[in-house]
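In: the amino acid sequence is not available; the structure is as follows:
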């Protein structure tokens with residue numbers, strides 16, 4: 001998580017208010033009902049109060065129920081009301097978000113004005129790893145073809161439609177080496193795959209794993225049977241997988257994207273999948289979300305497309321809340337110095 005320390009002013013006042021003033025927390029009613037006791041414990045006796053969008057706030061918690069069914073590109077009215085509350089709170093100094101990334105326009109705008117942002121990186125990492133692996137295994141075992149045959153009530157044996165390749169001995173190039181990338185690496189090694197890593201630094205992740213920086217991904221793509229995207233969206237990763245990059249991959253290769261859609265040149269990917277240059281893809285994220293109905297990615301028989309749901313699980317809410325409360329406790333324990341490590 002990103003760490004920022006806004007701090008107290010020299011006059012002992014925080015954000016222009018008395019240091020002993022109640023902490024104003026902007027959060028949803030549902031998150032308040034579930035976490036009020038935890039907030040009281042984290043505050044250690046200091047007064048605090050819940051505020052609504054439209055009222056000034058010192059800190060905010062953007063829980064999953066706030067974003068709901070909104071996406072980065074389609075913000076529903078209830079979500080927009082909360083976002084407007086964030087943007088129009090002059091005293092706001094720290095926001096904690098439920099997601100691992102904070103690349104939605106509202107969070108970019110808050111960062112630009114100096115508001116501290118912490119994310120819930122790691123809270124859903126295990127779930128994303130499981131989903132990415134499920135998508136990979138489904139492609140490896142030709143499940144899209146088998147499920148299409150099921151819908152048509154056709155007994156289509158793999159003996160006649162084409163035998164799957166053994167996974168053992170194949171190479172997976174994992175882009176991003178955070179909790180998701182590392183989790184994937186551990187499981188794929190257990191399945192007998194060779195691992196190579198692309199990340200922010202070319203420093204080797206260990207003695208046996210080829211590692212390059214994002215800018216040198218082309219060195220690894222010719223050996224990639226699987227390209228697993230699990231990196232954050234940054235200026236270095238935006239558009240990382242270009243048409244030229246896809247052209248370096250062998251025709252039996254597959255792509256798995258549980259990162260962000262903007263990392264891939266989507267038209268180039270669609271063409272590669274349509275013309276057989278890539279064998280298939282599991283895609284949970286897209287350049288525009290929701291994925292437009294007219295997109296060919298919905299209907300290609302070598303694509304599994306899911307609605308940005310790789311990290312969804314009924315245990316995420318509690319894990320995210322625990323991260324927020326831990327950060328809030330640190331904020332308070334450090335003499336109100338805004339320590340949100």
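Out: In hand now; what should we look at? Being a predicted model, the structure only gives us computed values, none of them experimental.
In: what number of residues lie near residue 69?
Out: Residues lying near residue 69 (other Cβ atoms under 10 Å) number 10. Placement of C-beta: from N, CA and C, glycine included.
In: same check, this time on residue 321
Out: 22.
In: other SSEs contacting the strand or helix carrying it?
Out: According to DSSP states H and E, residue 321 maps onto helix 316-333. Applying 3 or more Cβ pairs under 8 Å, 6 or more residues apart in numbering; DSSP states H and E, we find helix 316-333 packed against helix 29-43, strand 59-62, helix 64-67, strand 94-97.
In: residue ranges of the helices in the stretch 101-250 of the chain, please?
Out: Assigned by DSSP state H, counting those that start in this stretch, the stretch 101-250 of the chain shows helices spanning 105-112, 125-140, 143-151, 158-161, 179-190, 243-247.
In: of the ones you listed, which is nearest residue 234?
Out: Closest to residue 234 of the helices of the stretch 101-250 of the chain, according to Cβ to Cβ: helix 105-112, at 11.7 Å.
In: just the pLDDT for the residue nearest to residue 328 when sequence neighbours are not counted.
Out: Spatially, and ignoring its direct neighbours in sequence, residue 328 is nearest to residue 42 (4.4 Å; Cβ to Cβ, 6 or more residues apart in numbering). pLDDT, residue 42: 96.
In: next, count neighbours for residue 42.
Out: For residue 42, using other Cβ under 10 Å, the count is 20.
In: list the contacts for it?
Out: Applying Cβ atoms under 8 Å, 6 or more residues apart in numbering to residue 42 gives the contacts 325, 326, 328, 329, 332.
In: report the inter-axis angle for the helix holding residue 321 versus helix 125-140.
Out: For helix 316-333 against helix 125-140, the angle by axes from the mean of the first three to the mean of the last three Cα atoms, to 10 degrees is 150 degrees.
In: domain parsing for the chain?
Out: 13-123+315-333, 125-305 (automatic domain parsing).
In: where among those is the average confidence lowest?
Out: Among those, domain 13-123+315-333 scores lowest, with a mean of 94.
In: helix/strand/coil for residue 282?
Out: strand (DSSP: H, G, I helix; E, B strand; the rest coil).
In: OK, contacts around it?
Out: Residue 282 touches 132, 135, 136, 138, 139, 254, 255, 256, 257, 303, 304, 306, counting by Cβ under 8 Å, 6+ apart.
In: same thing but at 10 Å, please
Out: Residues near residue 282 by Cβ atoms under 10 Å, 6 or more residues apart in numbering: 131-139, 144, 226, 228, 254-258, 303-306, 310.
In: what's the closest non-adjacent residue to it?
Out: Nearest to residue 282 is residue 135, by Cβ to Cβ, 6+ apart, at 3.0 Å.
In: my read: that neighbour touches residue 281, true?
Out: Yes - using Cβ atoms under 10 Å, residue 135 is in contact with residue 281, at 8.7 Å.
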